[in-house]
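Asker: Let me see the structure of the following:
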Amino acid sequence: MTHDAPYNPNQSVDAEGSDKKSTQRDLIVACAENVEFWHDADRTAYATMNSGTHSEHHLVRSRLFRDWLGYAYFIKYRGAPSAQATEDALRVLEAIAKFDGREHTPAVRIGEYDGNIYIDICDDGWRAIEVTPTSWRVVDNPPVRFIRPKGMRSLPTPINGGSVDELRPFVNVFDDSQFKLIVGWLLMALCPRGPYPILCLGGEQGSAKSSTARVLRGLVDPSAAPLRAPPREERDLLVAARNSWVVSFDNLSRVPSWLADALCRLATGGGYSARQLYSDAEEVIFEAQRPVTLNGIPDLATRGDVADRAIVVALPTISDTSRIEEEDFWREFHAKASRILGALLDAVCCALARKDDVKLERKPRMSDFAKWITAAEPALGWPEGSFIKAYRANLEVAIGLTVEADPIAVAVQLLVEANAEWRGSSSELLATLDNMVSDTTRRGREWPKAANALSARIKRAAPGLRTSGINVEYSRQKGRSHFALSVTEKVSEKDRHHRHLEPESGQDAKHSSHLEGGDRSGNGGDPPEKTATPENDSKPLEHNSLPVGDGDGGDLFQSHSISDDEAVEWSA
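Answerer: Numbering: from 1, shown residues only. So this is what the prediction gives:
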């Protein structure tokens, strides 16, 4: 324990200064004499235990540390401590951590130290992957203090020699542009600092939305519960973010306003606060950025602030004749996972080496994300600028979805199409739009009933309207809001609705196996190598059939051995 005067449980002193007999509490505290106690910036108490081969880090108030104290007491005294003595001892140790211990920054799954990235493998040896600008390797005692919330599972131990193209059979995407966006999300999820894009997977029933989300999470942050039910309140989202690196929600029917706001804060960074349990004055504050995946049948990024932060991927439908058994799918994925992760780490090394040299001419909202993936392009074998091209096209589509989902934006489109230009106050605009829509729409909850509410809605819809060819100007005149709406360079109907996201209606994606040993038709040999170029970015991908169900595939990965000093070099 770290403190100025060594604590001797056998020399307790009462208020009058006289010695007294050791209590069971003191004996429990003495069991932790070789434990290092420390705290984070919020003075949350942690304990670091050294087993001789590795160090483990746990919350002092965690169930695991409490159990360890009870076990240490039993080994030393061959008895069981009382619940009250254990609680009293924990309070003492918690105070030592807060007031005598040093301050450190804990990390969940991914952290950074001295410019390098460390990724917790989450195995019994507490090993981690060290990623530098020139190489990656597996190390025994990482300098980052990783904590492991309940439910975390082991990553595949990475091996070199793989390619990100080996991921193609396991994600149900339509073309190269979608595949680049999926890989981009994975690479950003391996970066310890955001902002992080919100990956929205959409599609009909049977398009392998859940399976695709499980595959992606299995390469970055495996979990006993890889997909969660939609949160009912902001506190549920907070719990998910505190206890995992990737936050994945499954089968959403819609994204309500409170959840959209919370997801935006989680993706780009923001604080959450809640009242401390059994306290009227103190708050629990949590600040973090997390990679997020959402999946559902309807469009999920229908608000402009979400669309600005989103990658929207509509998955093609898989025909019944193209599906494979889930057991076969996951077995093939497990066999490739270590090579795929190794290839992703090669790209992270490249991004670390080149990120300061990358300059984007036009920066999107998530410019840090775009810059990180652009820096990794050489290691991925992608032509320079191909990712930002795919990303900008996707952003335009995502913003377009916000217009289609907003009755105000749709009404403004009709107004400008009929008049080419319109000017007036927000009250006049509301009266004009009221006359253009049906009574059902006007009485609906989504329709504003006051001019100030309309002003807020127009401002929110403005980016999407500009993308669709309508310029929106706002001003204040004599204390009243005024808008000027006009047609800019008209986006063609074809360009507006072609998404680079999904096949044409009724068109299934072509499915074939790209696994080693031949394809499913029985033809041997490896598949022809496909080079991603701007010309073929929108061409359909051939990919593996996804499994019959979206159920849990059990333990996802098998361990592959790699020596601690083996490094995979990247020549920058």
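
Asker: So what sits opposite residue 200 in the bridge?
Answerer: residue 294, residue 312 (DSSP bridges).

Asker: Give the full set of residues in contact with it.
Answerer: 293, 294, 295, 299, 300, 301, 310, 311, 312, 313 (Cβ atoms under 8 Å, 6 or more residues apart in numbering). (Each C-beta comes from the backbone N, C-alpha and C, glycine too.)

Asker: quick one: which of the residues you listed is nearest residue 249?
Answerer: residue 294 (5.3 Å; Cβ to Cβ).

Asker: thinking again about what came up before, which of the contacts of residue 200 has the most neighbours?
Answerer: residue 310 (30 neighbours; other Cβ atoms under 10 Å).

Asker: do you know how far the residue positioned nearest the centre of the chain is from residue 213?
Answerer: Nearest to the mean C-alpha position of the chain, by Cα atoms, centre = their mean, lies residue 291 at 1.4 Å. Going from residue 291 to residue 213 by Cβ to Cβ, to the nearest Å gives 12 Å.

Asker: got a list of what the residue nearest to the centre of the chain touches?
Answerer: Contacts of residue 291 (Cβ under 8 Å, 6+ apart): 185, 188, 189, 194, 196, 197, 199, 220, 245, 246, 247, 267.

Asker: between the residues you listed, which has the most around it?
Answerer: Going by other Cβ under 10 Å, residue 197 tops the contacts of residue 291 with 28 neighbours.

Asker: mind checking pLDDT for that residue?
Answerer: Here the pLDDT value assigned to residue 197 is 94.

Asker: again with residue 517
Answerer: pLDDT, residue 517: 33.

Asker: what about the residue nearest to residue 364 when sequence neighbours are not counted, how many neighbours?
Answerer: Computed as Cβ to Cβ, 6 or more residues apart in numbering, the closest residue to residue 364 that is not its neighbour in sequence is residue 370, at 5.6 Å. As a burial measure, residue 370 scores 23 neighbours (other Cβ under 10 Å).

Asker: tell me the phi and psi of residue 370?
Answerer: Backbone geometry at residue 370, expressed as degrees, to the nearest 10, gives phi -60, psi -40.

Asker: Surely it is in contact with residue 389?
Answerer: No: Residue 370 is beyond contact range of residue 389, at 10.7 Å (criterion: Cβ atoms under 8 Å).

Asker: Report the buried residues of the biggest helix by length in the chain.
Answerer: Using DSSP state H, we find that the single longest helix of the chain is helix 326-354. By 16 or more other Cβ atoms under 10 Å, the buried positions in helix 326-354 come out as 326, 329-330, 332-334, 336-354.

Asker: sorry, back to before: the contacts of residue 200: which two are farthest apart?
Answerer: 293 and 299 (15.3 Å).

Asker: which stretches of this structure aren't confidently modelled?
Answerer: Along the chain, the parts satisfying pLDDT under 70 run over 1-22, 270-286, 489-572.

Asker: Show me how it divides into domains.
Answerer: 9-104, 404-494 (automatic domain parsing).

Asker: Format those domains as TSV; extra columns: distance to residue 364 and mean neighbour count.
Answerer: Below are these laid out as TSV (distance: least, Cβ to Cβ, whole Å; neighbours: other Cβ atoms under 10 Å):
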stretch	distance to residue 364	mean neighbour count
domain 9-104	31	16
domain 404-494	12	16
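
Asker: Make a markdown table from the ones you listed and add distance to residue 378 to it.
Answerer: Below are the domains of the chain laid out as a markdown table (distance: least, Cβ to Cβ, whole Å):
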| stretch | distance to residue 378 |
| --- | --- |
| domain 9-104 | 35 |
| domain 404-494 | 31 |
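
Asker: Next up, phi/psi of residue 484, please.
Answerer: phi -120, psi 120.

Asker: which residues touch the nearest residue to it once chain neighbours are set aside?
Answerer: Distances taken as Cβ to Cβ, 6+ apart put residue 473 closest to residue 484, at 4.1 Å, once the chain neighbours are dropped. Residues in contact with residue 473 (Cβ under 8 Å, 6+ apart) are 483, 484, 485, 486.

Asker: Please flag which of those sit within strands.
Answerer: 483, 484, 485, 486 (DSSP state E).

Asker: So what pairs up with the third one in the strands?
Answerer: The residues listed as beta-bridge partners of residue 485 by DSSP bridges are residue 422, residue 472.

Asker: Would you confirm that it contacts residue 472?
Answerer: Yes: if you go by Cβ under 8 Å, residue 485 and residue 472 touch, sitting 6.1 Å apart.

Asker: which residues do those two both contact?
Answerer: With Cβ under 8 Å, 6+ apart, residue 485 and residue 472 have no common neighbours.

Asker: where does residue 475 land in three-state SS?
Answerer: Classification of residue 475 using DSSP: H, G, I helix; E, B strand; the rest coil returns strand.

Asker: Not counting its neighbours along the chain, what's nearest it?
Answerer: residue 482 is the one closest to residue 475 (Cβ to Cβ, 6+ apart), at 5.0 Å.

Asker: contacting residues for that neighbour?
Answerer: 423, 424, 425, 426, 474, 475, 476.

Asker: show me the contacts for the fifth one.
Answerer: Pointing back at residue 474 there. Counted by Cβ under 8 Å, 6+ apart, residue 474 has contacts 455, 458, 459, 462, 481, 482, 483.

Asker: now do 6 Å
Answerer: By Cβ atoms under 6 Å, 6 or more residues apart in numbering, the contact list for residue 474 reads residue 483.

Asker: which residues touch stretch 413-430?
Answerer: So stretch 413-430 is in contact with 436, 451, 454-455, 470, 480-487, going by Cβ under 6 Å, 6+ apart.

Asker: Now flag whichever of those residues is closest to residue 396.
Answerer: residue 470 (14.3 Å).

Asker: before we move on, the earlier item: residue 52: which of the contacts of stretch 413-430 is nearest?
Answerer: residue 455 (65.8 Å).

Asker: which residues of the stretch 101-250 of the chain fall in strands?
Answerer: 106-107, 110-113, 116-120, 128-131, 135-139, 145-146, 198-202, 247-249 (DSSP state E, counting those that start in this stretch).

Asker: Turn these into CSV, columns for distance to residue 68.
Answerer: What follows is the strands of the stretch 101-250 of the chain, written out as CSV (distance: least, Cβ to Cβ, whole Å):
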stretch, distance to residue 68
strand 106-107, 18
strand 110-113, 23
strand 116-120, 19
strand 128-131, 21
strand 135-139, 24
strand 145-146, 17
strand 198-202, 38
strand 247-249, 29
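
Asker: what's the closest of those strands to residue 171?
Answerer: Going by Cβ to Cβ, the one of the strands of the stretch 101-250 of the chain nearest residue 171 is strand 198-202, 9.5 Å.

Asker: How far off centre is that closest one?
Answerer: 11 Å (Cα atoms, centre = their mean, to the nearest Å).

Asker: swap in stretch 42-57?
Answerer: With Cα atoms, centre = their mean, you get 26 Å for stretch 42-57.

Asker: C-alpha coordinates for it, CSV please?
Answerer: Taking Å, rounded to 0.1, in the frame of the first residue of the first chain, the C-alpha atoms of stretch 42-57 are listed here in CSV:
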residue,chain,number,x,y,z
ASP,A,42,-12.7,11.4,-10.2
ARG,A,43,-11.0,9.8,-7.2
THR,A,44,-12.6,6.4,-7.9
ALA,A,45,-10.5,3.8,-6.0
TYR,A,46,-8.6,1.0,-7.7
ALA,A,47,-6.4,-1.9,-6.7
THR,A,48,-3.4,-3.4,-8.6
MET,A,49,-2.4,-6.9,-7.7
ASN,A,50,0.8,-8.4,-8.9
SER,A,51,0.7,-12.2,-9.4
GLY,A,52,4.4,-12.5,-10.2
THR,A,53,3.9,-12.9,-13.9
HIS,A,54,1.5,-10.0,-14.5
SER,A,55,-0.5,-7.2,-12.9
GLU,A,56,-4.3,-7.0,-12.6
HIS,A,57,-6.3,-3.9,-12.0
